[in-house]
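> Predicted model and sequence follow; I will ask about them next.
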Amino acid sequence: MSILLRSTLQPPEITKEILERFDIYREEKEIPPEVAQQITAVITNGGLGLSSEEMRALPALQMISVYGVGTDAIDLVQAKERGIQVATTPGVLTNAVAEMALALTLSAARRVAEGDRYVRAGQWLQGNLGLGWTLFGETVGILGYGRIGKRIGELTRAVGMKVLYTDLHPTPGEEEAFRSSPLELARDCRVLIIAAEGGEKTRGLVNRTILKALGPDGLLVNIARGSVVNQHELILALEAGELGCAALDVFANEPQVPKELIAQQKLVLTPHVASATIDARRAMGRLVIDNLAAFLDGKALLTPLNL
Ligand code: 8YV
């Protein structure tokens with residue numbers, strides 16, 4: 001047994017190929033110590049990652065192949081110290097994730113999910129659903145202007161929104177749209193979309209002050225990591241009417257979603273599915289396999305992280 005598979009990959013033919021081509025140990029509960037000694041590579045996903053303790057329990061580990069782009073659940077410091085290579089799946093999920101950001105934005109502004117429940121519950125017979133609002137002419141603020149953030153910019157521009165963003169540095173050629181802090185960004189936009197990395201640097205970054213600045217007509221969209229938002233303060237801001245609405249694909253403690261969020265009909269809540277299209281997942285799975293095969297052949301990884 002030399003490769004630890006932490007979770008099943010979709011579509012099923014990807015997992016089938018992994019099981020056929022590699023010497024796989026499928027993680028269920030505790031990994032027996034004699035197996036742990038022999039693991040040289042791990043296949044994991046963005047949510048599960050590989051914690052400090054889990055990594056320490058694998059003394060022969062040399063490579064981690066991530067089915068996703070998020071590495072916030074992986075102890076990268078230990079990986080670097082031990083010379084463990086890490087590969088992710090950048091690029092191939094950008095369109096899927098950015099499309100989901102647009103879908104959540106549209107769904108919240110036009111009350112799509114709410115309208116669906118309204119029809120199914122027979123409420124239309126008693127009267128019309130309340131009004132939504134048009135995205136055209138509104139301003140979107142993108143927090144985290146990397147690959148995914150930039151694609152969200154293109155898509156939201158296509159529906160007639162003005163795009164602003166914040167990141168560590170302005171993007172050359174797009175200096176005017178840059179805002180130097182999330183607070184400044186929130187003040188200047190109606191829709192704030194989070195596309196930043198998770199992890200300690202961004203933990204709780206979107207707090208009540210920022211949500212208040214977004215305001216009672218504002219919409220918060222998150223397709224990144226639940227940890228970027230202070231979820232408790234988000235609930236308080238929504239309940240106090242300081243923030244208008246939220247459309248969330250990610251949460252602080254997945255798959256737990258607080259009852260206070262579930263109770264609010266105007267919110268759009270999805271189960272961490274931004275990259276979950278057949279095309280994106282197939283391409284992500286292919287990259288996981290190809291990176292692993294390169295490692296086993298002693299070749300350079302296709303999409304390594306620069307640790
Ligand atoms: C996936 C993700 O949902 O890329 C990431 O970091 O969170 C997602 O693309 C996940 O890795 C698959 O479970």
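Ah, there it is. Residues are numbered from 1 along each chain as shown.
> just checking, Glu174 touches Thr166?
No. With contact defined as Cβ atoms under 8 Å, Glu174 does not reach Thr166; the gap is 11.5 Å. The C-beta positions use only the backbone N, C-alpha and C, and glycine is treated the same way.
> Mind checking which of the two has more residues around it?
Thr166 (24 against 14; other Cβ atoms under 10 Å).
> Let me see the backbone angles for the more buried one.
phi -140, psi 150 (degrees, to the nearest 10).
> now it: how far from the ligand?
Using Cβ to the nearest ligand atom, to the nearest Å, we find Thr166 at a distance of 21 Å from the ligand.
> Could you give the bridge partners of that residue?
Beta-bridge partners recorded for Thr166 (DSSP bridges): Leu143.
> Enumerate every residue touching it.
141-145, 178-182, 184-185 (Cβ atoms under 8 Å, 6 or more residues apart in numbering).
> Tell me which residue is most central in this protein.
Ala224 (3.1 Å; Cα atoms, centre = their mean).
> List the contacts of that residue.
Contacts of Ala224 (Cβ under 8 Å, 6+ apart): 144, 194-198, 250.
> Now which of those residues would you call buried?
Neighbour counting over the contacts of Ala224 (16 or more other Cβ atoms under 10 Å) leaves 144, 194-198, 250 as the buried ones.
> still on that earlier bit, go through the contacts of Thr166 and flag which are in helices.
182, 184-185 (DSSP state H).
> Which ones among the contacts of Ala224 map onto strands?
Judged by DSSP state E, strands contain the following of those: Ile194.
> Looking at the contacts of Ala224, which is nearest Asp75?
Set against Asp75, the nearest of the contacts of Ala224 by Cβ to Cβ is Gly198 (13.7 Å).
> quick revisit: show me which of the contacts of Thr166 is closest to the ligand.
Proximity of the contacts of Thr166 to the ligand (Cβ to the nearest ligand atom) peaks at Gly144, which lies at 12.7 Å.
> Verify the contact between the closest one and Ala195 for me.
Yes. Counting by Cβ under 8 Å, Gly144 touches Ala195, with 4.1 Å between them.
> Shouldn't Ala60 be within a strand?
No. Counting by DSSP: H, G, I helix; E, B strand; the rest coil, Ala60 is not found in a strand; it is coil.
> Roughly how far does it sit from Glu242?
52 Å (Cβ to Cβ, to the nearest Å).
> who has more neighbours, those two?
Ranked by neighbour count (other Cβ under 10 Å), Ala60 and Glu242 place Glu242 first, with 18 against 11.
> So that one is in contact with Lys212, correct?
Yes. Counting by Cβ under 8 Å, Glu242 touches Lys212, with 4.7 Å between them.
> The residue nearest to Asn253 when sequence neighbours are not counted: what's it in contact with?
Closest residue in space to Asn253, ignoring its immediate chain neighbours: Gly226 at 7.3 Å, by Cβ to Cβ, 6 or more residues apart in numbering. For Gly226, the contact set (Cβ under 8 Å, 6+ apart) comprises 198, 248, 250-254.
> Next one: Gly226, what pLDDT does it get?
On pLDDT, Gly226 comes in at 98.
> Glu28 now?
pLDDT, Glu28: 82.
> for the one 5 residues further on, same thing?
At Pro33, the predicted lDDT confidence score is 90.
> That one: how many residues sit nearby?
Around Pro33 there are 8 residues (other Cβ under 10 Å).
> show me the contacts for Arg21.
The neighbours of Arg21, taking Cβ under 8 Å, 6+ apart as the test, are 289, 293.
> now for the contacts of Gly226, which pair is the farthest apart?
Gly198 and Leu248, at 13.9 Å, using Cβ to Cβ across those.
> Next, count neighbours for the closest residue to Arg111 other than its chain neighbours.
Excluding the flanking residues, the one nearest Arg111 by Cβ to Cβ, 6+ apart is Gly132, at 4.7 Å. Gly132: 16 surrounding residues under other Cβ under 10 Å.
> Next, the contact list for Gly132, please.
Here Gly132 is in contact with 109-111 (criterion: Cβ under 8 Å, 6+ apart).
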